[in-house]
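**Q** Kindly return the folded structure for what I paste below:
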Amino acid sequence: MSVTKMEEGLYRVRWREGGRARSVLVHGSASLADKVERKKLSIRDENRHLDVKKQINYRMDDLIDRYWDQYGVKKKSADREKSIVEGIRSALGRMFVREVDGMAVQEWYDNLTDVRELAVNTAERYFHVMHHISCHAPHDEKGINYLDDSDRSRSESCRSGGGGAHR
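**A** A predicted model of the protein is given here:
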């Protein structure tokens with residue numbers, strides 16, 4: 001994000017976009033080069049929400065691994081939670097994070113209580129682990145969690161203990 005004078009009437013405008021350095025030569029005044037820079041930055045910021053290359057191929061399996069390595073193994077209840085995490089992995093692990101929306105979580109929860117006939121308190125424990133995993137899902141610059149179907153931001157949802165896809 002800089003404007004450099006190359007010679008009289010010629011400026012180089014530099015900025016970063018999509019993880020790469022970009023530049024353009026502007027013939028004219030310094031004020032024109034500043035306007036071009038502002039326009040480039042504005043376009044970059046407007047389209048930033050479309051830059052989801054990192055999240056497109058991110059699978060739940062990878063997210064679960066990341067959660068387990070960072071949080072699960074450190075818990076006193078790690079031996080009990082391991083079976084919960086593996087249950088989540090078997091049900092949702094092959095899906096992409098972007099595909100696990102409120103409806104997918106609802107189906108998963110219904111499967112716990114109806115098909116597998118888990119007690120409500122056990123299903124709640126599974127759900128809370130799933131919610132904690134979803135707090136670590138990829139999110140965009142606005143803080144919107146790809147596993148959170150509410151309108152609240154990722155940080156607000158995870159800090160308040162609410163949000164996520166409710167049953």
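**Q** Outline the domain layout of the protein.
**A** Per automatic domain parsing, the domain ranges recorded for the chain read 2-51, 54-160.
**Q** what's the least confident stretch among these?
**A** Of all those, the minimum mean pLDDT falls on domain 54-160 (a mean of 77).
**Q** ok, longest helix in this structure?
**A** Longest helix in the chain, counting residues (DSSP state H): helix 30-46.
**Q** Counting neighbours, what do you get for residue 126?
**A** Using other Cβ atoms under 10 Å, the number of residues around residue 126 comes to 22. All C-beta atoms are positioned from the backbone trio N, CA, C, and that covers glycine.
**Q** export the helix or strand it falls within as CSV, just CAs?
**A** Here residue 126 sits within helix 120-134, counting by DSSP states H and E. Listed next in CSV are the C-alpha coordinates belonging to helix 120-134 (Å, rounded to 0.1, in the frame of the first residue of the first chain):
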residue,chain,number,x,y,z
VAL,A,120,-30.6,-36.5,26.3
ASN,A,121,-27.7,-35.5,28.6
THR,A,122,-25.3,-37.6,26.6
ALA,A,123,-26.5,-36.0,23.3
GLU,A,124,-26.1,-32.6,25.0
ARG,A,125,-22.4,-33.5,25.9
TYR,A,126,-21.9,-34.4,22.2
PHE,A,127,-23.5,-31.2,21.1
HIS,A,128,-21.3,-29.1,23.4
VAL,A,129,-18.2,-30.7,22.0
MET,A,130,-19.5,-30.1,18.5
HIS,A,131,-20.1,-26.5,19.4
HIS,A,132,-16.6,-26.1,20.7
ILE,A,133,-15.2,-27.6,17.5
SER,A,134,-17.3,-25.2,15.5
